[in-house]
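1. the sequence isn't on hand, but the structure is:
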C-alpha cells in the first residue's frame with residue numbers, strides 16, 4: 001500500500017499546532033522560530049501566518065491606533081478585533097490591515113467595539129495561553145464566542161479554519177472599513193456571487209496614498225447575508241458600495257463543526273484575485289496548506305545551519321532569520337499582472353514586489369540577501385528598475401506601488417550598487433546607473449505620476465540642489481540637513497563605484513568629489529558633525545545629546561549618533577580627528593557617556609541605548625565595527641557581545657526597537673556569524689565576534705561557507721586570531737568572494753584583547 005503522506009511531511013506537520021498531528025521534530029530550524037518575538041515593547045512585528053515574502057500576511061489585529069499599533073498587534077492586548085490579510089512587519093508607521101474577518105456566535109454588533117469594553121462590538125477577549133504561532137500557522141481561542149480560530153496561507157491566499165460550538169446563530173463578519181491607523185477609506189465594495197462566494201475591493205488613502213486591495217472569498221458552508229452601509233442594514237441587496245461597508249455571513253453550526261474560508265487578494269482587480277484563488281488553493285485541505293508553508297519555511301531557514309547548545313540563542317537567531325524573510329513581499333498576480341507606480345496595470349515575467357523599507361534594509365538585510373538569496377535580491381532590483389521606468393525615480397520607501405517619500409537618502413541606489421559590486425548583475429546595468437543618477441539629482445527628467453505634492457517635495461528635497469550650489473546643505477535652508485547631507489555623500493560614492501567599474505570615468509570623478517562633501521559638517525572643536533548655516537557659522541545652541549525627531553539637524557537622532565555616518569570613507573573620518581588614537585577615544589566616549597537624551601520631543605526611535613549609541617534605530621548599526629579601523633578590535637568585540645545579549649532575546653519584548661522589515665534581525669544574523677557590511681557597495685565585511693561554535697551557509701551556487709570558532713567561552717571572549725582557509729588574516733576584513741567561493745573562516749579565541757591581524 002502506497003503511503004499518501006511522506007515521512008518528511010509527517011515530521012514537518014508536528015510544528016503546525018494542528019490537533020491532527022502529534023509527532024515531534026527534534027532539530028528542524030523551524031522548531032526554534034517564535035513569531036511572538038518582537039510583538040511586545042516597540043518591535044511592531046505580527047504573529048500571524050505568512051509565506052516567505054508572501055503577499056498575504058493573515059494575522060490577528062488587536063489595536064489600530066497609536067505607535068505600537070503599526071503591525072495591528074501588540075502582545076500586551078487581551079482582545080482581538082479579527083483577522084486581516086495584510087500587515088507590515090516592524091515599521092514605524094502603520095498601514096494595511098485589509099479585509100478583516102471575525103467569526104462569531106450569537107447576536108453581535110456590527111461595530112468593532114472598544115479595547116476596555118469588548119462587549120460594545122464584535123471584538124472578543126482571548127487568553128494568551130491559547131495563542132500559538134509558528135511559521136505558516138497561527139491559532140487562538142476566542143473566549144466570547146467559544147470559537148477556535150486557526151490561520152494559514154499560501155503566497156496570495158489566506159485560509160481560515162474556525163471550529164464552532166453548537167449555535168443556532170453563528171457566522172463571520174467581514175469589515176472593509178477596518179484599517180491600521182484609521183486611514184481614510186475612499187471606497188469599499190462587496191458583491192455576493194452566490195451562497196458560497198463573495199468578492200469586493202477597497203481603496204484607502206493613508207501612508208500609501210492610493211492603495212487598492214481586491215479580494216475573492218469562498219466558504220465551505222452556505223450562508224445568508226446581512227449587508228451594511230455606514231453601519232446601517234440594507235435590505236434585499238446583493239452588493240454594497242460606500243466608504244464603510246460590512247457584511248454578516250450567517251449560518252447555524254453543530255458542536256465542533258469546522259468552517260473554512262479561503263480569501264485571495266490582488267492589487268489589480270477581482271479577476272486577478274479569482275485567478276490567485278483557483279491557482280494557489282483549489283481545495284480545502286487546511287493541514288496540507290500548513291504543511292506546504294512549513295516546508296517552504298524550512299527550506300529558507302536551512303540556508304544557515306548553526307551549532308549551539310543554548311536554546312535561547314537558537315530561538316533568537318532563527319526567529320531573526322524568519323523576520324528577515326518577510327519582506328519585500330510579492331505584489332503581482334499569478335498571471336504576472338501588477339499595479340505599477342503609475343497606477344496602471346502592467347505585466348512582467350518577473351515578480352513585482354512591495355514594502356521596500358530601504359532606509360533601513362540597505363544596511364544589513366539586502367547585504368544578507370546577497371549572501372544567502374542573491375537571485376531574490378536581483379529580482380528585487382529588477383522590480384525597482386521597473387518602478388523607476390513607471391514612476392520617473394527610484395523609490396525611497398515604496399508601499400503598495402506608492403511613493404511615500406518616507407525617510408531620507410536614495411538607498412535603492414545603495415542596494416543596486418551593493419549587488420553590482422559583488423558581481424550580481426542580472427538586470428539592465430545601463431538602466432540601473434541612469435536610475436541611480438536620476439534619483440540623486442534635484443529634478444526628474446520624467447514627471448512623477450503622483451498627485452501628492454507633499455510626497456513629491458520629499459522625493460525631490462532641495463538638499464540635493466544645495467550640494468551643487470553651495471557645496472553643502474545649509475541648516476537654515478533645509479531641515480535635518482546634516483543627516484541628509486551625510487547620506488547623500490554615501491549615495492554619491494555608490495554611484496561613483498558603479499560608474500568607475502562600467503568605465504564611465506567622468507561620472508565617477510564627479511560623484512567621488514561629491515562623496516567627500518561630508519567634511520563640511522565636521523566641527524574640529526567639538527568633534528561632532530554639526531549643522532552649518534549658509535553664512536558658514538554653526539547652528540546654535542549646540543547639545544550633542546539633544547533630539548527633536550525631525551525638527552533639528554538630525555533625523556531620528558542626535559549629533560552623537562550621526563557623527564559616525566561616513567561608511568564609505570572611514571579613513572577620511574579618522575583623519576578629521578587627527579589620528580586613530582583620537583578617533584578611537586571619541587568613538588569610545590559614544591558608548592560611555594550618559595545615556596540621557598535631552599529635549600522634550602526627543603525621537604521615540606532612540607532606543608536600545610549604550611551611552612548615546614542607539615541600537616534601536618538604524619543610523620547606529622555600523623558604528624561598533626568602526627573600532628577595527630582604529631586598531632582596537634577588542635572594543636568592537638566587547639560592544640557587539642553587549643548588544644547581542646542586551647538587545648536581542650527570545651521573549652516577546654526581545655527587540656529593543658522597531659524590527660523595520662528585517663533590518664534589526666539582519667544585523668543580529670550577520671553579527672552572530674562574526675562579520676558585518678559597514679559599507680554596502682563595498683565587497684568588504686568587517687570582522688566582529690561569532691556567537692556560535694559552528695555555522696554553515698548553504699549558498700545558492702552550491703558552495704558552503706563554514707565558520708568555526710575555537711576556544712569560545714566566557715573567559716575567552718576576545719578574538720586571538722582569524723584564519724581564512726588556514727591562512728591568517730592580515731586585515732580585519734574578509735571579502736564577499738571569500739564567502740561566495742565557499743571558503744572556511746576560523747576564529748581562535750583568547751582571554752586578552754589583541755590586534756588579531758598583527
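-> Here it is on my side, so go on. The shown structure was predicted, so the numbers you read here are calculated from the model rather than taken from an experiment.

2. could you list the low-pLDDT ranges of the chain?
-> Flagging of the chain using pLDDT under 70 yields the residue ranges 1-26, 442-454, 456-458, 460-462.

3. centre-most residue in it?
-> Per CA atoms, centre = their mean, the C-alpha nearest to the average position across the chain is that of residue 661, at 0.7 Å.

4. in space, what's closest to that one - neighbours in sequence excluded?
-> Distances taken as CB to CB, 6 or more residues apart in numbering put residue 357 closest to residue 661, at 3.8 Å, once the chain neighbours are dropped. From N, CA and C alone the C-beta is placed, and that goes for glycine too.

5. cool, residue 326 as well?
-> Spatial nearest neighbour of residue 326, excluding adjacent residues (CB to CB, 6+ apart): residue 89 at 4.7 Å.

6. ok, now which ones touch the residue nearest to the centre of the chain?
-> Taking CB atoms under 8 Å, 6 or more residues apart in numbering as the criterion, residue 661 is in contact with 88-91, 326-328, 355, 357, 360-361, 365.

7. about what we covered before: what about the residue nearest to residue 661, neighbour count?
-> By the criterion of other CB atoms under 10 Å, residue 357 has 29 neighbours.

8. could you do residue 715 as well?
-> Residue 715: 9 surrounding residues under other CB under 10 Å.

9. spit out the contact partners of it.
-> Shown in contact with residue 715 (CB under 8 Å, 6+ apart): residue 751.

10. for the one 4 residues further on, same thing?
-> Taking CB under 8 Å, 6+ apart, we find residue 719 in contact with 633-634, 637, 687, 689, 747-750, 754, 756.

11. same thing but at 10 Å, please
-> With contacts taken as CB atoms under 10 Å, 6 or more residues apart in numbering, residue 719 has the following neighbours: 633-634, 636-637, 674, 687-690, 709, 712, 729, 732, 747-750, 753-757.

12. so which of the residues you listed sit within helices?
-> The helices, defined by DSSP state H, take in 633-634, 636-637 from these.

13. so this structure: which segments form each domain?
-> With domains defined by automatic domain parsing, the chain comprises 34-301, 358-460.

14. in this structure, where's the longest helix?
-> helix 481-501.

15. now that one, how far from the chain's geometric center?
-> On the basis of CA atoms, centre = their mean, to the nearest Å, helix 481-501 sits 23 Å off its chain's mean C-alpha point.

16. return the set of buried residues in the next helix or strand after that helix.
-> Going down the chain from helix 481-501, the next helix or strand is helix 505-515, by DSSP states H and E. In terms of neighbour count (16 or more other CB atoms under 10 Å), helix 505-515 has its buried residues at 507-508, 510-512, 514-515.

17. same check, this time on stretch 362-382
-> Result for stretch 362-382 [16+ other CB under 10 Å]: buried residues 362-374, 376-382.

18. what's the answer for stretch 583-597, then?
-> Within stretch 583-597, the residues scored as buried using 16+ other CB under 10 Å are 583-584, 586-588, 590-591, 597.

19. quick revisit: among the contacts of residue 719, which ones are buried?
-> 633-634, 636-637, 674, 687-690, 709, 712, 729, 732, 747-750, 753, 756-757.

20. hmm, back to that, relative to residue 626, how far out is the residue nearest to residue 661?
-> Residue 357 sits 24 Å away from residue 626, taking CB to CB, to the nearest Å as the criterion.

21. now do the strands in the stretch 651-758 of the chain.
-> Using DSSP state E, counting those that start in this stretch, the strands of the stretch 651-758 of the chain run over 675-676, 684-687, 694-698, 704-710, 718-724, 727-728, 733-735, 744-750.

22. for burial, what's the neighbour tally of residue 383?
-> Residue 383: 24 neighbours (other CB under 10 Å).

23. what of residue 670?
-> 23.

24. quick check: closest non-adjacent residue to it.
-> residue 676 (5.0 Å).

25. doesn't residue 687 make contact with that neighbour?
-> Yes. Using CB atoms under 10 Å, residue 676 is in contact with residue 687, at 8.5 Å.

26. need the overlap of contacts for these two.
-> By CB under 10 Å, 6+ apart, residue 676 and residue 687 have these common neighbours: 625, 628, 636.

27. doesn't the first one lie inside a helix?
-> Yes. Following the definition DSSP: H, G, I helix; E, B strand; the rest coil, residue 625 is counted among the residues of a helix.

28. tell me the spacing between it and residue 632.
-> For residue 625, the distance to residue 632 equals 11 Å [CB to CB].

29. the two: who's more crowded?
-> Per other CB under 10 Å, whichever of residue 625 and residue 632 has more neighbours is residue 625, with 25 against 21.
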